[in-house]
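Colleague: Just a sequence and a predicted model for now, questions to come.
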Amino acid sequence: MLPATARRVQTHTCDKVNDHIQSRTEENVERYREATPTQIRRRLRQLDREWDVERALQTNFAAVSLAGLALGRLVDRKWYLLPAVASGFMLQHALQGWCPPLPVMRRIGVRTMSEIAEERRQLERLLAEAQQRRMEEAG
């Protein structure tokens, strides 16, 4: 059976790593609890540029495939196996939400789009609260 798309990466990530990523997100939000609206907006812009695990994996697979094709053409035909293996990993990830590079990426803290979005939602709430405080202080 194929896992639901929304949680497939977390489902195939060990609990310890998921907990660490969740803790880091909570720490990020806590750091901005008393921040100014400008500081919170700056963090939101950083989140706009953060790569999620899907983008990181896609880039990794494309780079490995291109390197394998180039090495196969320029060095030895055996290198053509590299894009074949990478394609198999990509298919496995698309269907199951897991592939061999995934645990490494998760351990170094690469988050899913939904994990990034959760931090964004919490920061937007803090931004609204900070703006409200500013209005109350000014008025």
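Modeller: Alright, I've got the coordinates. Residues are numbered from 1 along each chain as shown.

Colleague: Tell me who's in contact with Leu82.
Modeller: Going by Cβ atoms under 8 Å, 6 or more residues apart in numbering, Leu82 touches 64-65, 67-68, 71-72. Heads up, the C-betas are built off the backbone N, CA and C, glycines and all.

Colleague: and the host helix or strand of it, C-alpha only, in CSV?
Modeller: In the assignment (DSSP states H and E), Leu82 maps to helix 81-96. Output of helix 81-96 as CSV, limited to C-alpha atoms (Å, rounded to 0.1, in the frame of the first residue of the first chain):
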residue,chain,number,x,y,z
LEU,A,81,24.4,2.7,-14.1
LEU,A,82,24.5,5.7,-11.9
PRO,A,83,21.5,7.5,-13.5
ALA,A,84,19.6,4.2,-13.6
VAL,A,85,20.1,3.7,-9.9
ALA,A,86,19.2,7.3,-9.2
SER,A,87,16.0,7.0,-11.2
GLY,A,88,15.1,3.9,-9.3
PHE,A,89,15.6,5.8,-6.0
MET,A,90,13.5,8.7,-7.3
LEU,A,91,10.7,6.3,-8.3
GLN,A,92,10.9,4.6,-4.9
HIS,A,93,10.6,8.0,-3.2
ALA,A,94,7.7,9.1,-5.4
LEU,A,95,5.8,5.9,-4.6
GLN,A,96,6.8,5.1,-1.0
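
Colleague: Pull out the buried positions in that helix.
Modeller: By 16 or more other Cβ atoms under 10 Å, the buried positions in helix 81-96 come out as 82-83, 86, 89-90, 93.

Colleague: Reformat those as JSON lines; add pLDDT and distance to Asn18.
Modeller: Formatted as JSON lines, the buried residues of helix 81-96 follow (pLDDT from 0 to 100; distance: Cβ to Cβ, whole Å):
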{"residue": "Leu82", "pLDDT": "97", "distance to Asn18": "30"}
{"residue": "Pro83", "pLDDT": "97", "distance to Asn18": "31"}
{"residue": "Ala86", "pLDDT": "96", "distance to Asn18": "26"}
{"residue": "Phe89", "pLDDT": "95", "distance to Asn18": "21"}
{"residue": "Met90", "pLDDT": "95", "distance to Asn18": "23"}
{"residue": "His93", "pLDDT": "93", "distance to Asn18": "17"}
